[in-house]
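Visitor: got a structure for you, letters missing:
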């Protein structure tokens with residue numbers, strides 16, 4: 001009698017493996033979609049917390065925070081570097097009481113030098129409330145000696161459609177935030193429910209800055225930006241550094257503008273390759289005469305939309321391909337433009 005052998009043949013095992021691999025391939029997109037949906041929900045919740053912080057700041061102080069504060073008397077001393085962001089001023093209302101209190105004590109100190117009592121640089125602290133879970137690039141920038149120097153953010157304040165700040169007259173643009181602003185709810189004639197407060201941006205964005213054009217013309221096409229000039233930040237080996245300093249109140253770090261709709265690609269060819277860029281005519285608090293005008297685009301890592309919050313605290317999502325006119329209307333606080341229901 002021959003011995004009977006029990007088990008699977010090699011062909012049968014291969015068939016089973018192929019079936020399992022096929023099932024995994026079918027299920028993986030659904031799992032990834034479910035995870036992204038969870039991240040989007042968490043992202044929206046963080047925006048709601050920022051909306052509550054804005055409302056509480058307005059109640060406590062009688063106004064919303066400015067994008068930054070600058071004395072206008074110097075472009076070289078501490079006052080030109082102590083341009084703490086609106087986010088820094090909102091930290092006490094985001095339950096970051098210890099860090100927020102230290103910032104309040106050091107508002108006259110350059111944000112790059114302010115420290116906690118234990119010597120930790122405040123700007124180098126990662127603030128979880130300012131980062132969307134879908135953002136993959138959350139690493140803290142460090143100095144040459146390894147000291148954490150600045151941390152990124154993914155929620156930027158609305159600095160209008162193009163012109164952000166004119167230092168010759170100390171006037172701001174048409175957005176919800178600008179340097180030295182003291183805007184209360186009554187200043188939003190379009191209504192708090194029809195004016196964007198914050199929107200998502202991507203960290204480590206490459207950008208041009210400080211072209212210092214006397215009368216910068218608003219671009220009509222994304223391809224125009226690369227030809228406007230300025231200092232480029234950054235070609236490799238450095239990565240882009242836009243939106244990597246939550247403590248810095250300048251537009252390229254903690255703001256966005258509605259020059260282009262959310263998720264608009266702004267390609268620029270450089271020796272290092274083609275990059276999706278932002279452009280700022282002049283850093284705030286770095287010139288007595290050059291206007292800060294900017295095309296800093298709202299972006300996200302979500303597949304089809306960018307989350308944003310209105311000044312009344314309601315969260316919405318701008319679908320890819322939103323009309324330019326609609327986005328600009330939502331970005332103005334007193335433009336009286338008709339906007340569709342959200």
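Guide: Thanks, I have it. Only a predicted model underlies this, so the values are computations on that prediction, with no experimental measurement involved.
Visitor: In the lengthiest strand in the chain, which residues are buried?
Guide: In terms of residue count, the longest strand belonging to the chain (DSSP state E) is strand 273-280. Within strand 273-280, the residues that count as buried by 16 or more other CB atoms under 10 Å are 275-280. Any C-beta I mention is one placed from the backbone N, CA and C, and that applies to glycine too.
Visitor: contacts for that strand?
Guide: Contacts with strand 273-280, where a contact means CB atoms under 8 Å, 6 or more residues apart in numbering, come from 205-211, 225-226, 228, 230, 240, 242, 250-252, 265-268, 292-297, 299.
Visitor: Which neighbouring elements make contact with whichever helix or strand comes after that strand?
Guide: As assigned by DSSP states H and E, the chain's next helix or strand after strand 273-280 is strand 292-295. Contact partners of strand 292-295 among helices and strands, from 3 or more CB pairs under 8 Å, 6 or more residues apart in numbering; DSSP states H and E: strand 163-166, helix 251-254, strand 273-280.
Visitor: roughly how far out does strand 292-295 sit from the chain middle?
Guide: 15 Å (CA atoms, centre = their mean, to the nearest Å).
Visitor: and what of stretch 126-135?
Guide: 11 Å.
Visitor: try stretch 314-323
Guide: Its chain's C-alpha centre and that of stretch 314-323 lie 15 Å apart, by CA atoms, centre = their mean.
Visitor: same deal with stretch 269-278?
Guide: Between the centre of stretch 269-278 and the centre of its chain there are 19 Å (CA atoms, centre = their mean).
Visitor: now stretch 112-128
Guide: Relative to its chain's centre, stretch 112-128 lies at 20 Å (CA atoms, centre = their mean).
Visitor: how long is it end to end?
Guide: End-to-end distance for stretch 112-128, by CA to CA, to the nearest Å: 19 Å.
Visitor: What's the mean pLDDT across it?
Guide: For stretch 112-128, mean pLDDT is 97.
Visitor: Could you do stretch 239-258 as well?
Guide: 97.
Visitor: how far does it stretch from start to finish?
Guide: In stretch 239-258, first residue to last residue: 24 Å (CA to CA).
Visitor: What is the neighbour count of the closest residue to residue 167 other than its chain neighbours?
Guide: In space, residue 167 comes closest to residue 288 once its chain neighbours are excluded; the distance is 5.6 Å by CB to CB, 6 or more residues apart in numbering. By the measure other CB atoms under 10 Å, the count of residues near residue 288 is 11.
Visitor: now the helices for the protein?
Guide: Assigned by DSSP state H, the chain shows helices spanning 10-61, 86-90, 97-105, 251-254, 324-331.
Visitor: ok so, going back, do you know the pLDDT at the residue nearest to residue 167?
Guide: So, for residue 288, pLDDT stands at 97.
Visitor: if I look at it, how far off is residue 71?
Guide: Remark: distance between residue 288 and residue 71 (CB to CB, to the nearest Å) = 12 Å.
Visitor: Residue 124 now?
Guide: Distance, residue 124 to residue 71, by CB to CB: 25 Å.
Visitor: and the two? which has more neighbours close in?
Guide: Between residue 124 and residue 71, counting by other CB under 10 Å, residue 124 is the more crowded of the two (19 against 13).
Visitor: who's in contact with that one?
Guide: By CB under 8 Å, 6+ apart, the contact set of residue 124 is 140-142, 147-151.
Visitor: Buried subset of those residues as a ChimeraX selection?
Guide: Filtering those down to the buried ones (16+ other CB under 10 Å) takes a single ChimeraX command:
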select :140,141,148,149,150,151
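Visitor: before we move on, the earlier item: are any of the contacts of strand 273-280 buried, and which?
Guide: Listed as buried from those are 205-209, 211, 225-226, 228, 230, 240, 242, 250-252, 266, 268, 292-297, 299; burial here means 16+ other CB under 10 Å.
Visitor: Can you list the strands that the longest strand of the chain pairs with?
Guide: Looking at strand 273-280 with DSSP bridges, its partner strands are strand 206-209 (parallel), strand 267-270 (antiparallel), strand 292-295 (antiparallel).
Visitor: how about the closest residue in space to residue 255 that isn't next to it in sequence, what does it touch?
Guide: Among residues not flanking residue 255 along the chain, residue 159 sits closest, at 4.1 Å (CB to CB, 6+ apart). Residues near residue 159 by CB under 8 Å, 6+ apart: 67, 173, 175-178, 251, 255-257, 294, 296.
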